[in-house]
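K.L.:
from the sequence below, what's the structure:
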Amino acid sequence: MIPYKRYGEKTNDLSWLPISKDNDCKYEVYLIKFDPGSSSNFHRHNGNEEFYVIDGELIDDDGKIFKTGDYVKFGKGSEHSSYSKIGCKLLVILYGGTNEILE
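P.N.:
All right, here's what the predicted structure looks like:
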């Protein structure tokens, strides 16, 4: 895993491993690891995002908790941020467009 730096600046306590990417069809797959206490930036999905929680627990800004084994989909246009108290690992699939940082 390498430091998470997809949108310019490094995001503290997040690391990732790009697996597959196709710029022509706007498709991307990667693993991401949230260290305990880390969070994502508030962002908008310009395409779809789906992820599988491999290990740990992720909490969305609306309070919804995603645990090991959960499969989640955020549709185009959705906005949110997430954090993890105990840390987690996710398999992420993006398609139809990349995310836009809002904060």
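
K.L.:
all strands for this structure, in order.
P.N.:
2-3, 14-22, 27-34, 38-39, 43-45, 48-60, 65-67, 71-74, 79-80, 82-84, 88-95, 99-101 (DSSP state E).

K.L.:
tell me the most buried of those strands?
P.N.:
Here the criterion is mean neighbour count by mean count of other Cβ atoms under 10 Å, and of these the winner is strand 82-84, at a mean of 21. Heads up, the C-betas are built off the backbone N, CA and C, glycines and all.

K.L.:
contact partners of that one?
P.N.:
34-40, 56-61 (Cβ atoms under 8 Å, 6 or more residues apart in numbering).

K.L.:
what's the lowest-pLDDT member of those?
P.N.:
Within the contacts of strand 82-84, residue 40 has the lowest pLDDT, namely 87.

K.L.:
over to it: give its phi and psi.
P.N.:
As for residue 40, its main-chain torsions (degrees, to the nearest 10) stand at phi -90, psi 160.

K.L.:
cool, and residue 75?
P.N.:
phi -80, psi 170.

K.L.:
count the neighbours of it for me.
P.N.:
By other Cβ atoms under 10 Å, 11 other residues sit near residue 75.

K.L.:
quick one, grab the pLDDT at it.
P.N.:
92.

K.L.:
can you check the one 4 residues further on too?
P.N.:
Confidence per residue is given as pLDDT, and for residue 79 that number is 92.

K.L.:
so it touches residue 40, yeah?
P.N.:
No. Taking contacts as Cβ atoms under 8 Å, residue 79 lies outside contact range of residue 40: 11.7 Å.

K.L.:
overlap in contacts, those two.
P.N.:
Joint contacts of residue 79 and residue 40 (Cβ under 8 Å, 6+ apart) do not exist.

K.L.:
residue contacts, residue 50?
P.N.:
Residue 50 touches 71-74, 92-93, counting by Cβ under 8 Å, 6+ apart.

K.L.:
wait, I meant residue 52
P.N.:
Residue 52 sits in contact with 70-72, 90-91, where contact means Cβ under 8 Å, 6+ apart.
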